[in-house]
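**Student:** Whatever this is, show me its structure:
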Amino acid sequence: MTILNSTNPSQSVKNDIKELESKIQLFKNGSIDQESFKGFHSIRGIHGQRQKGVQMVRIKIPYGRITGQQLTKIAELVDQFANGMLHITTRQDIQIYSVKIKDTPAIWSELDKVGLTIREACGHTVRNITASPFSGIDPKETFDVSPYAQALYEYILWNPFGQKLGRKLKFSFSSNEEDEGLSFIHDLGFIPKIKIISGEEKRGFKVMIGGGLGVSPKLADVATEFIPEDELIPFTEAVIRVFDRYGERNNRAKSRLKFLIKELGLSLVIQLINEEKIAVKHEKFVISRESYNQIVPNLKAGNTKDIEILNEDKYLLWLQTNVSKQKQEGFNAIQIKLTIGNIDSDTARKLAGIVKLYAADDIRLSITQGLILKFVTNENLKGIFNLLNEIGLAEPGADSTADVTSCPGTDTCVRAITNTSKLSAEIERVIIDEFPELIGDKNLRIKLSGCPNSCGQQSIASIGFHGTIFSVDGRQAPGSQIMLGGGITGDGNGVFSEKVIKIPAKRVPDALRIILSDFTKNNLDDKTFNEYYNEKTKTFYFDLLTPLTNKTNLIESDFYDWGNDKKFETNKIATAPVVDINWAERFTNEAKNRFEESDIAYENEEYADAIFHNYAALISIAKSILIKNKIAVNTEIEVINDFDNLITSKKITSKENSFKDTILLINKQRPAKAFADKYISKTRKFIEIDF
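**Tutor:** Model (predicted):
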C-alpha cells in the first residue's frame, strides 16, 4: 500500500530499528535510565509485561486488515521469539508475549518485510485506527470506509505532531449509522454520511469527539454533523495539535481528550480546533479511493458443495450464527470465534492456507477479538466449514452471547487484578452447555476486564464484569464488579452499563446463571436484554444477586483466583526504583534534537514539519528553564504562559516581542516557506537569552 505522507517509511523503519538497538545497548550499559528507556520503547510498540524480564510487543494493524502472508509471518515470529500465541485485541491489533527486549529490533525488521509495523502501537501517540471489519462488503454500509481509515493511518504515522502527546488518542470508523465501530467511546469517531450539496451527492462523516471508557467513561459529543471527506485529515490533524498543546501531562488519570473537553467546554475546544486548521499541512486532503488496494475475490476456488458434512447440526448452526451475505452477490463473510482473542501459531498458519484456497486475501480482525474471512462462495461453504472445523475454528456463536470479549487479565497484564482467560472460558461453557438458545443472540454481549480500565470494554456490555477486590474480615478474595445494560444505540449514541453489585470472582458463573435464567424464563415479550434490564431496573438485579455477596458461606477456594493454585494477592508486581532524573537536562537535549529535525525538514522543503519541530523545541527549552527556576511544568499552554511571565519578570524582552505572542504565531498563517522563514527566525531569538 502506498504511504501518503512525505516521510519515507522504509528508511524511517531502518533508522528507528538502529536507534532501538542503540537504546537497548545504552540501557543495558546503564547510560540511560529506565524511565527514559520506557518512554522510548513504548512508542515503538514494546510494553512491559507482568512477568519479569520479558515484554509484550503490539503489532499495529490499521482497521484490522491483514493478509495471509502477514499472518504467516507473525506466526513464524511468535514461534521464534515469543510464546507461540497471537492475541487479538479490541483495537484490532495483534499482541505477542514473552519477548526478550534484545529481540525486538529483529521482530520489527521482519514485520517490515511484509508491510507491518509496531511503531506508535503503544505510548503517547495516536493508537491503532479501528473500523468495521465488514467495511467493503456490508450490505448496509453507507460507503466503504476502509480507504479513509488507511489514508488516515498512513498520514499520521511518523508525522511529528503526533509523536509526544500528553497521552494516547483513539480513532474509529463505522460503516453505517448502526455504529458498530463504537464512535461514542472514541476520541474521534467517524460515521459515514452522504449529503446533497448543490444537487450532488457528497461523501463525508459525522464526527464524534471526546468519548472514552476507563474508570471514568464518557459518551462522545458531536463535533460536527457533517465534514466533507477531503477535510477529514486536516480536521484530525488540528484535533491532535490542540490536544498536544492544551492536554494534561502530569496527571495520567486526567490526560485524555475527554477531560480537556470537560475542563474547557466543547465550544471552546471546537473553536481552538478551527483556529488550528490554518497551521495544518493541507487545507484539503483528497483521499484517492481508486488507488486503495481493493479486495480481490478468489475466483479460482473450487466447488465443494457436494462434500460430506460429518456434523450436520453444528454446520447448520454455524451457517446461522457465523455466516452472513455480503453486498456482493454470491459471496459470504465468515466470522471466526476465538476464546479471548487467542490463536496459536500453528492454527494461524493453517488458517492462512485455508484463506488462500477459499477466500479473498483480506482477513479482518474484529473489535470483538474474532476473525472475518471474505468472499467465500456459496458453493464453498461446506468445504471451508470442514477445514475450519478440523483446526478448531468453526465454533458457532461468533459475535454473540456465546462469544465473550476479554482482556488478557493477570496472564500478562501488569495492571490486572484478576484472571480473565479461565473465567472467560467458563462463561462461554455456561452459555453453550446451559443456555444454547442464546448462541447467536447478537443483542446480548458479555465482556470482561481484569481491572476497571475497560480494555475488555465491560462498560458497554449487556453483561459486564471487571476484576476487583472482595474484602472479607481482613482477608482479600478475587472479586468481580457486575455491570449491566450497556451497548450501542446508533448514530454516535450509546449507553454505559451500570454498576450493580460486587461479588467474589468464583461466583461469577452462578451470577450469570441467575441473570440468564430470569431473562430466558420471564422475558415473555421477546425484548432484547437491555430492554428487559431497563424495564426491571438496577434495583431488581441488585436484589436478585445479593445472596451471592454472603460472606458467611465462603469456602477456601473462593480465596484463589480462576486458574491459580496460590492464594489471591493484589498486584505484587515489582515496580522500578524511583530514579532521580535531571529533567532540565533532558528537555535541553530534547530541544537540540527537535531543532536538528526542524533544520532537516526545512532542507527537504517540508515546511509544516520544520515549523512544528521548531515549536516543539522551544517548548522544551522553556520547560528546561522553568525547571531551573523551580517552576513546575504541565500543559504546553501553561508552559508558554509561565515562561512568558518569567521573561517579563526579568525584564528581558518587551511585550511587543513576547514569547507567547511569538511562539503562538504557529497557527496564524499557512505553513509555507515564507512563514517558516519568519517563524523560525523570530522564535530562535529566544535561545540567545541569558538566564
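
**Student:** now Thr130, which residues is it bridged with?
**Tutor:** Beta-bridge pairing for Thr130 (DSSP bridges): Ser172.

**Student:** Next one: it from Arg256, what distance?
**Tutor:** Separation of Thr130 from Arg256 (C-beta to C-beta, to the nearest Å): 17 Å. Using the backbone N, CA and C atoms, a C-beta is placed for each residue, glycine as well.

**Student:** Show me which of the two is the more surrounded one.
**Tutor:** Between Thr130 and Arg256, counting by other C-beta atoms under 10 Å, Thr130 is the more crowded of the two (28 against 25).

**Student:** and Ser324, helix, strand or coil?
**Tutor:** Of the three states, Ser324 takes strand under DSSP: H, G, I helix; E, B strand; the rest coil.

**Student:** show me what contacts it?
**Tutor:** Applying C-beta atoms under 8 Å, 6 or more residues apart in numbering to Ser324 gives the contacts 332-333, 335.

**Student:** quick one: pLDDT of it?
**Tutor:** Note for Ser324: predicted pLDDT of 97.

**Student:** Any chance of a ChimeraX selection covering the buried ones in the contacts of Ser324?
**Tutor:** Provided next is the ChimeraX selection string for whichever of these are buried by 16 or more other C-beta atoms under 10 Å:
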select :332,333,335
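
**Student:** Could you dump the contacts of Ser324 into JSON lines and include pLDDT?
**Tutor:** As requested, these are arranged in JSON lines below (pLDDT from 0 to 100):
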{"residue": "Asn332", "pLDDT": "97"}
{"residue": "Ala333", "pLDDT": "98"}
{"residue": "Gln335", "pLDDT": "98"}
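
**Student:** Which ones among the contacts of Ser324 map onto strands?
**Tutor:** 332-333, 335 (DSSP state E).

**Student:** about what we covered before: looking at the contacts of Ser324, which is nearest Asp33?
**Tutor:** The shortest approach to Asp33 among the contacts of Ser324 belongs to Gln335, at 46.2 Å (C-beta to C-beta).

**Student:** do you know how far that closest one is from Ile463?
**Tutor:** For Gln335, the distance to Ile463 - C-beta to C-beta - is 20 Å.

**Student:** likewise His41?
**Tutor:** 37 Å.

**Student:** Which of these two has more residues huddled nearby?
**Tutor:** Ile463 (27 against 23).

**Student:** That one and Asp441 touch, don't they?
**Tutor:** No. Using C-beta atoms under 8 Å, Ile463 is not in contact with Asp441, being 11.5 Å away.

**Student:** Spatially central, which residue of the chain would that be?
**Tutor:** Arg91 (4.0 Å; C-alpha atoms, centre = their mean).

**Student:** Which residue, other than its chain neighbours, is closest to it?
**Tutor:** Asn128 (4.8 Å; C-beta to C-beta, 6 or more residues apart in numbering).

**Student:** ditto for Gly247
**Tutor:** Per C-beta to C-beta, 6+ apart, closest to Gly247 is Gly166, 3.9 Å.

**Student:** Against Phe37, how distant is the one you found?
**Tutor:** For Gly166 relative to Phe37 (C-beta to C-beta), the value is 20 Å.

**Student:** more crowded one of these two?
**Tutor:** More neighbours surround Gly166 than the other of Gly166 and Phe37, with 24 against 18 (other C-beta under 10 Å).

**Student:** what residues are up against that one?
**Tutor:** 124, 243-244, 247-249, 255, 635.

**Student:** Let me see the backbone angles for Leu77.
**Tutor:** Torsion angles at Leu77 (phi, psi; degrees, to the nearest 10) stand at phi -70, psi -40.

**Student:** Can you check the pLDDT for it?
**Tutor:** pLDDT at Leu77 comes out at 98.

**Student:** Great, nothing more from me.
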